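Make a model of this:
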Amino acid sequence: MPKYATFFTFKCETVASMIDRPSDRIAAANKVANAVGARVEAYYWMTGPNDGFIIVDAPDMSAVVAARLAVAGSEEFAHLETYELFPAGEFNALLGKARLARDAYRQAADEARTVAIR
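Have a look, this model is predicted:
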């Protein structure tokens, strides 16, 4: 299954509530992930502009978007940002596809210039 990383930042009110009433955030994340057919691979807290990030294995981006909408609807987060992850071993294949796309674009641009000159 594809992997996705979501970086998150809690609202100040959420942090204040967590300090007063700590809870198992990983268990909550697992419930949301399981509801859309995904699985939590990792959940980390961090320093910097984000409070943490989660990595999930999900069947597709629509499952991730559904989970993200549900989480955003909780109004506990100030910011959510999601990215699809690609294994390093797949990078050369991506470069090959990029080369094909670049060549097609160049060919189309050359053809357009030729037509415009006539």
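
Excluding chain neighbours, give the residue nearest to Val56 in space.
Ala38 (4.7 Å; Cβ to Cβ, 6 or more residues apart in numbering). Every residue, glycine included, has its C-beta placed from N, CA and C.

Let's test this: mean pLDDT of stretch 39-50, rounded?
Per-residue pLDDT over stretch 39-50 has a mean of 96.

mind starting the numbering at 51 from now?
Okay, using 51 as the starting number, the last item reads as stretch 89-100.

That stretch spans what distance, first to last residue?
With Cα to Cα, to the nearest Å as the measure, the ends of stretch 89-100 fall 22 Å from one another.

And the contacts of stretch 115-122?
Counting by Cβ atoms under 8 Å, 6 or more residues apart in numbering, stretch 115-122 makes contact with 56, 82-83, 85-86, 88, 106, 108, 127, 130, 132, all of which sit outside it.
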